[in-house]
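**Student:** structure for this input, please:
(one chain, ligands or ions: 3)
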Amino acid sequence: MKGVLLVNLGSPDSPTAKDVKPYLDEFLMDERVIDAPKWLRNILVRGIILQTRPKKSAKAYAKIWWDEGSPLIILSERFTEKLKKHTKMPVALGMRYGSMSIKGALKELEDQGVDDVLLVPLYPHYAMSSYETVVVKTLEDQQKHFPKMKVTTMPAFYKHPDYIKALSESIKDGLQDFEYDHILFSYHGIPERHIRKSDPTRFHCKMDDTCCKINSVAHNTCYRHQVYDTTELVKAYLGLPDEQVSSSFQSRLAGDPWLKPYTDYEFERLAKEGVKRLAVITPAFVSDCLETLEEIAMEGKEEFEEAGGEHYKHIPCLNDNDAWVSVMAKWVNNWEHTGKLDVVPVD
Ligand SMILES: C=CC1=C(C)c2cc3[nH]c(cc4nc(cc5[nH]c(cc1n2)c(C)c5CCC(=O)O)C(CCC(=O)O)=C4C)c(C)c3C=C
Ligand SMILES: [Fe+2]
Ligand SMILES: [Fe+2]
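**Tutor:** Ligands and ions are numbered 1, 2, ... in the order given. Predicted coordinates for the structure are as follows:
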């Protein structure tokens, strides 16, 4: 029997340093997130980052935590429950890190008689630290614990017309009561090195727009290329003028160069250039989470206003938006009936 496995990133069990520490340990010790050799990762993560970060992160989590729990978990669960109503297949939700494991979700599917699984990483774009690590971990767990199961993976859907339409319409709704001078598309950042590592040709990605205009297989795994595609397609769908839209990258850690421009610098630049009314959207995330609710909706607002901006609005992620649930239902039901995944045309 066929079934669907949705996987998102995960959250700590509570917004306390005690629970944030093991969660961050699992997250940052992932070789696809901090891609240093294991001995160096140990020093960087356990010897340096985890000495101070859990306390700081717990404070940030406490600012956005809901009575029911982590927003990312609750919103992913709401999406899952709605999707279940649109498909006859069993649907389970797992998280890459934390206690809602992928293995547990696979077991839930197995208990319902599922032996043919459609894995849906809940990320629109391919990055080794998000999409790829979900696929690798799911296949590892499947081979180790459910060897008779078959797993098929949904490709990154960053430019699928159905996704672009749902995202654009949700942005339009979010902007109904907000007159903006500028819309900033703020994507989660990654180290530039990850882009080079994910380039199968080794030479294509130049970290600028010149490479993106030349068709290449590299784009199938290029996070930078894919996020700029999302921005351009939403811009075209909504008929937004070039000069009122830009993209940037948030949430970097200290050390390596990460994808630029950096979101916090953009808040300052835009305000200094006279933007008074700024709308920010965060399409690297399908569910609101720490990075959108704290870093963008709270910290970003302060940074923009301190630099001279006057009105600021964070547009929510797709979360359990009905049109988005219908799109996912269309894709998974199409796979159930035809075995095909008409998701993203590759370059
Ligand atoms: C090397 C560090 C990190 C990389 C690379 C990275 C990529 C990446 N992350 C997401 C999505 C999310 N990240 C979230 C939180 C978060 N991310 C990092 C580090 C890297 N992420 C850290 C240390 C944290 C924890 C919080 C903190 O201490 O600041 C979240 C939020 C989780 C939640 O519970 O709400 C999401 C979602 C993507 C999509 C991505 C690559 C494209
Ligand atoms: Fe992250
Ligand atoms: Fe490119």
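
**Student:** distance of the closest residue to ligand 3 within the chain from ligand 1?
**Tutor:** Nearest residue of the chain to ligand 3, counting by C-beta to the ion: Cys211, 3.3 Å away. Just so you know, the C-beta spots here come from the backbone N, C-alpha and C atoms, and that holds for glycine as well. Counting by C-beta to the nearest ligand atom, to the nearest Å, the gap from Cys211 to ligand 1 is 19 Å.

**Student:** what about the residue nearest the centre of the chain, distance to ligand 1?
**Tutor:** Nearest to the mean C-alpha position of the chain, by C-alpha atoms, centre = their mean, lies Phe285 at 3.4 Å. Computed as C-beta to the nearest ligand atom, the Phe285 to ligand 1 distance reads 5 Å.

**Student:** so that residue, which state does it fall into?
**Tutor:** The assignment at Phe285 comes out as coil when based on DSSP: H, G, I helix; E, B strand; the rest coil.

**Student:** now name the helix or strand holding the residue of the chain closest to ligand 3.
**Tutor:** Cys211 is part of helix 209-212, with elements assigned from DSSP states H and E.

**Student:** and this protein, which of its residues are near ligand 3?
**Tutor:** 211-212, 225 (C-beta under 5 Å from the ion).

**Student:** shouldn't Asp116 be in contact with Phe146?
**Tutor:** No - contact between Asp116 and Phe146 fails when scored by C-beta atoms under 8 Å: they sit 11.3 Å apart.

**Student:** re the thing from before, list the buried residues in the helix holding Cys211.
**Tutor:** By 16 or more other C-beta atoms under 10 Å, the buried positions in helix 209-212 come out as 211-212.

**Student:** lowest-confidence helix or strand of the protein?
**Tutor:** Least confident element among the helices and strands of the chain, by mean pLDDT, DSSP states H and E: helix 209-212 (a mean of 87).

**Student:** residues touching that helix, excluding its own?
**Tutor:** For helix 209-212, contacts defined as C-beta atoms under 8 Å, 6 or more residues apart in numbering pick out 204-205, 218-219, 222, 224-225, 228.

**Student:** let's see which of those residues end up in helices.
**Tutor:** 224-225, 228 (DSSP state H).

**Student:** would you turn these into CSV with pLDDT?
**Tutor:** Output for the ones in helices among the contacts of helix 209-212, formatted as CSV (pLDDT from 0 to 100):
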residue, pLDDT
Arg224, 97
His225, 96
Tyr228, 97
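
**Student:** neighbour-wise, which one of the residues you listed leads?
**Tutor:** Arg224 (27 neighbours; other C-beta atoms under 10 Å).

**Student:** and His194, what element?
**Tutor:** helix 192-197.

**Student:** measure how far stretch 182-201 is from the centre of its chain, please.
**Tutor:** Mean C-alpha position of stretch 182-201 versus that of the full chain (C-alpha atoms, centre = their mean, to the nearest Å) differs by 12 Å.

**Student:** having no further points to raise, I will conclude here.
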